[in-house]
Structure formats: C-alpha cells, structure tokens
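> Dropping a prediction and its sequence here:
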Amino acid sequence: MNEDLEKILSTLSDAGCGSGELENAKQLCEAGDAESLIRHFRKCRSKRMAELHEVQRKVDRLDFLIRQMMKAIQ
C-alpha cells in the first residue's frame, strides 16, 4: 500500500469511518478514480454531520432538563 493511500485510510479511520467505508475508499484509490473518491468523501462527511446533529439534539435535550431543574430549585 502506498504512503498516500495509508494516509487517506488513516484519516478516514480517525474521522470515524467504518471498515466498509475504508474498503470502498481503498478500491477507489487503487482504481485511480478521483472523482468517485471525492463523492465518497462527501458521503462520509455527510454521514458524520448527521451523527453530529443527532448528538447535538441529545445535548440540547439534556440542556433543557438542566434548565428545568434549575428553575425548579430556585
């Protein structure tokens, strides 16, 4: 595996991508399909953003409960 591919896969892994996403990226890199690789990166990014938004919604719910409890004890 060349150094560039290793860096790409390492970065994707650090970004939370799963084994399927890593394998797909590896195949696209090895095929030299840069346009499809960019689309794949964008899909991975979109998935991470959806996960981020879901976690933010959960934090917002906890913040709501905290505010409600703070009001109740004042």
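Ah, there it is.
> so how far is Asp14 from Glu30?
21 Å (Cβ to Cβ, to the nearest Å). From N, CA and C alone the C-beta is placed, and that goes for glycine too.
> what about the two, which has more around it?
Set side by side, Glu30 and Asp14 show more neighbours around Glu30, with 11 against 8, by other Cβ atoms under 10 Å.
> Other residues contacting the helix or strand containing the more buried one?
Using DSSP states H and E, Glu30 sits within helix 19-31. When contacts are defined by Cβ atoms under 8 Å, 6 or more residues apart in numbering, helix 19-31 is touched by residues Asp4, Leu5, Ile8, Leu9, Leu12, Ser13, Cys17, Ser36, Leu37, His40, Phe41, Cys44.
> try it again with 6 Å
Identification of contacts with helix 19-31 by Cβ atoms under 6 Å, 6 or more residues apart in numbering yields Leu5, Leu9, Leu12, Ser36, Leu37, His40, Cys44.
> which among those residues end up buried?
Leu9, Leu12, Leu37, His40, Cys44 (16 or more other Cβ atoms under 10 Å).
> Would you mind listing the residues in contact with the first one?
Under the criterion of Cβ under 6 Å, 6+ apart, the neighbours of Leu9 are Leu22.
> The strand or helix carrying it - what's its average pLDDT?
Taking DSSP H and E as the criterion, Leu9 maps to helix 3-14. The predicted model assigns helix 3-14 a mean pLDDT of 95.
> tilt between it and helix 19-31?
If you take axes from the mean of the first three to the mean of the last three Cα atoms, to 10 degrees, helix 3-14 sits at 160 degrees to helix 19-31.
> Export the contacts of helix 19-31 to a markdown table and append columns for distance to Ala50.
Formatted as a markdown table, those follow (distance: Cβ to Cβ, whole Å):
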| residue | distance to Ala50 |
| --- | --- |
| Leu5 | 26 |
| Leu9 | 22 |
| Leu12 | 16 |
| Ser36 | 21 |
| Leu37 | 21 |
| His40 | 16 |
| Cys44 | 11 |
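> Perfect, I'm done here.
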